[in-house]
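1. requesting a structural model of the entry that follows:
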Amino acid sequence: MSEPGISIIICNRDYGRFLGAAIESCVTQDYPADRFETIVVDDGSTDDSRAVIARHAGSRGVIAVEQENRGQAAAFAAGLERASHDLVCFLDADDFFLPGKLAAVARAVDSLAPLPEHFFLCHDIELFDEREGVALRDTWFQLQGIARLGPLVSLDAVTAEYPYATPCGQVMRARTARAVLDVVPAWEWRQGADALLAHAAMLLAGVVHYLPEVRARYRLHGSNHFGAVRDGRYSPKPLWIARLPRLLYHLERFVDSLPLDEAQRASRLAYVKHLERIGRGASRVHRYAEPWMTIVIDAPAGDPDLAATVDACIAQSHEKVEVLLAAPAGAPHARLAPRALERARVVPVDPDDTQIGRLAAALAEARGDYLAFLAPGELPDPVFAERHLHAQRFLGTCALSSCDIRVINGARVLLHAGVFNGSGVWRQPVQMVPPFVAPLRDWIFPPLPANVLRRCALLDALVEHARAADLGPMADLAGWVLLPFCHALAGSIRINECLVSLRVEDAVAASYGHYSEPLDAAGAPVSPDVERTAEFLFELLCLHYAAFARVLPRAWRGQFVNWLMDRQSPALAGRLRALARRSGCAAAQALLDR
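-> Numbers count the residues shown, from 1 in each chain. I've put the predicted structure just below:
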């Protein structure tokens, strides 16, 4: 049997109380001393970690690396810089290897020789409850379902969310790890880099091999970032949910960096897409019904880009998407391909109707639990519906989700990607924005096509009221009427991803300044009548006060009225009282008199 060279990389940050055992588990391995090394990277510890490392400095093959606190990915990279062997085994400082680990890895590698350019192997791990001093019943492979997968799984056969070991059970070629860490920005992965590394190694190798032997101990001590023991069983922490968008983003960019042919690229993007569906979808164990999303395309006149918008809508990855075309009978949709006409249902509208009127007609026909509104030339990404639905169902309770936008010209040339992220206004990957955080007159939303609204009875009532009311020019400002109201109902969630491309006729408009104001149906900035809007919304409250009272507490209704009146003229209060008297809504008038 050959004895391949193995570099062990231990990453440590303030785990001095565990580090000594981790190092000892490496240096006492029954493996030729000249065929392995233990590289201990201390990532700016503030405890006694460096003293622990110093005590082991004379042990065989121990190499100490010290750096300022830069995070896990940077620690991995620093260790790889010192690695001199072909294979790499990673080890978190709070875990340790069991005796015979390196010899077992060598036997497995020998049976698979010669190794391909990129190689990835995982072995089983014992889960150990440090507080109780006992091993959990299931090993990692049993817990993750890996035990039933056989000796390997290829890229196109992955069905699990994470069919890999934690770092103490991962083995790969050093060139594989370097190929990942040379591309991934370390500052983005101060924690959780091992998950990214495992998925990216799979993208490179195309297959993961399994060694069904328990050769390391994962210590569950109460301070682990991603796991805990509850009622004697392992329980993952939900941190990965918030990190999923970032993981998917970097995996997609990693695929873009690889020299792949078309088939290879397609298979790797399919893997990333599958990972997204597993991570974002509701568990089928609970037998939840998947929600419908209705996308309304407002097309009162012919537009050469209508077909492209319809094609982008019917190509959504979410299965239950209904596409409604609000258009004059027989006009702009006549040029659509038969496939598009099969998937996009035409809702006839009066071409002279207002934007609100056209959308109200479409809404009356819509079956969707969630709603999006587009115009010809606006192109949602294939994952537009899926990512909005995931945000609203799993990341925050809200009535509205908003994404970042790209700007393109009529020839579909990209002018600007990430308008809101690039402005510095949107900083977090996902951000909850509570109701009433800004006055009605302050616009805090991206354009209407970048938003998805959760449908409810009050939203339907708003649309019908807007259709019947005399809103004047505001009847062509659907975004101005819909978005502030939905946000007031239950807040909104911002998704810091570009999920839709908007068309502009003039490149000067491809800026945050242009899109930070309300836009009309033609995409031009406008200055709506804020006090007329407040009167309209207060009248809606008066007419449907019982419906509001059924689902929203009195405190919300009081905040709603205060929000309508914030930074408005003194005369507005008198006009609202008159509205309350005419409608006969004493409860609404009482809110004004508080």
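
2. from now on I want contacts and neighbour counts done on CA atoms only, so please keep to that.
-> Noted.

3. any idea which residue sits dead centre in the chain?
-> Note on the chain: the residue nearest the mean C-alpha position is residue 245, at 3.0 Å, using CA atoms, centre = their mean.

4. element containing that one?
-> Taking DSSP states H and E as the criterion, residue 245 maps to helix 239-257.

5. how far off centre is whichever helix or strand comes after that helix?
-> Later in the chain than helix 239-257, the nearest helix or strand by DSSP H and E is helix 262-280. Between the centre of helix 262-280 and the centre of its chain there are 15 Å (CA atoms, centre = their mean, to the nearest Å).

6. next one: stretch 562-580
-> Distance of stretch 562-580 from the chain centroid (CA atoms, centre = their mean) equals 40 Å.

7. ends of that stretch, how far apart?
-> 15 Å (CA to CA, to the nearest Å).

8. now that stretch: average pLDDT?
-> Stretch 562-580 comes out with an average pLDDT of 92.

9. and that stretch, what's buried?
-> By 16 or more other CA atoms under 10 Å, the buried positions in stretch 562-580 come out as 563, 564, 565, 568, 572, 573, 576, 577, 579, 580.

10. look up how far residue 565 lies from the last one.
-> Same thing as residue 580. From residue 580 over to residue 565 the distance is 14 Å, taken as CA to CA.

11. coming back round to it: could you give the angle of the helix holding residue 245 to helix 262-280?
-> Per axes from the mean of the first three to the mean of the last three CA atoms, to 10 degrees, the angle that helix 239-257 makes with helix 262-280 is 170 degrees.

12. elements contacting helix 239-257?
-> Where contact means 3 or more CA pairs under 8 Å, 6 or more residues apart in numbering; DSSP states H and E, helix 239-257 is packed against helix 193-205, helix 262-280.

13. at 6 Å what do you get?
-> Helix 239-257 is packed against no helix or strand, with contacts defined by 3 or more CA pairs under 6 Å, 6 or more residues apart in numbering; DSSP states H and E.

14. and the angle for it with helix 193-205?
-> Between the axes of helix 239-257 and helix 193-205, defined by the same axes, to 10 degrees, the angle is 30 degrees.

15. in helix 239-257, what counts as buried?
-> In helix 239-257, counting by 16+ other CA under 10 Å, buried: 244, 245, 246, 247, 248, 250, 251, 252, 254, 255.

16. for residue 122, give me phi and psi.
-> Here is the backbone geometry of residue 122 (degrees, to the nearest 10): phi -130, psi 140.

17. quick check: pLDDT value at it.
-> 97.

18. check residue 247 too.
-> For residue 247, the model assigns a pLDDT of 87.

19. excluding chain neighbours, what is closest to it?
-> Distances taken as CA to CA, 6 or more residues apart in numbering place residue 196 nearest to residue 247, at 6.5 Å, with adjacent residues excluded.

20. about what we covered before: for the helix holding residue 245, C-alpha coordinates in PDB please.
-> What follows is helix 239-257 as a C-alpha-only set of coordinates in PDB (Å, rounded to 0.1, in the frame of the first residue of the first chain):
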ATOM      1  CA  LEU A 239     -27.800  29.800  10.600                       C
ATOM      2  CA  TRP A 240     -27.400  28.200   7.200                       C
ATOM      3  CA  ILE A 241     -30.900  29.600   6.100                       C
ATOM      4  CA  ALA A 242     -29.700  33.200   6.200                       C
ATOM      5  CA  ARG A 243     -26.400  32.200   4.500                       C
ATOM      6  CA  LEU A 244     -28.000  30.300   1.600                       C
ATOM      7  CA  PRO A 245     -28.400  33.300  -0.800                       C
ATOM      8  CA  ARG A 246     -24.700  34.100  -0.300                       C
ATOM      9  CA  LEU A 247     -23.700  30.400  -0.800                       C
ATOM     10  CA  LEU A 248     -25.600  30.100  -4.000                       C
ATOM     11  CA  TYR A 249     -24.200  33.400  -5.300                       C
ATOM     12  CA  HIS A 250     -20.600  32.400  -4.700                       C
ATOM     13  CA  LEU A 251     -21.200  28.900  -6.100                       C
ATOM     14  CA  GLU A 252     -22.700  30.400  -9.300                       C
ATOM     15  CA  ARG A 253     -19.700  32.700  -9.600                       C
ATOM     16  CA  PHE A 254     -17.300  29.800  -9.000                       C
ATOM     17  CA  VAL A 255     -18.900  27.900 -11.800                       C
ATOM     18  CA  ASP A 256     -18.400  31.000 -14.000                       C
ATOM     19  CA  SER A 257     -14.700  30.900 -13.200                       C
END
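
21. going forward, begin numbering at 55 instead of 1
-> New numbering, starting at 55: the last item is helix 293-311.

22. gap between it and the chain center?
-> 8 Å.

23. follow-up on the earlier one: out of the buried residues of stretch 616-634, which comes closest to residue 479?
-> residue 617 (22.6 Å; CA to CA).

24. hang on, the closest one is in a helix, isn't it?
-> Yes - Residue 617 forms part of a helix when assessed by DSSP: H, G, I helix; E, B strand; the rest coil.

25. quick one, longest strand in this protein?
-> Secondary structure of the chain per DSSP state E: the longest strand is strand 261-274.

26. what packs against that strand?
-> The criterion is 3+ CA pairs under 6 Å, 6+ apart, and the helices and strands that strand 261-274 contacts are strand 150-151, strand 174-183, strand 206-208.
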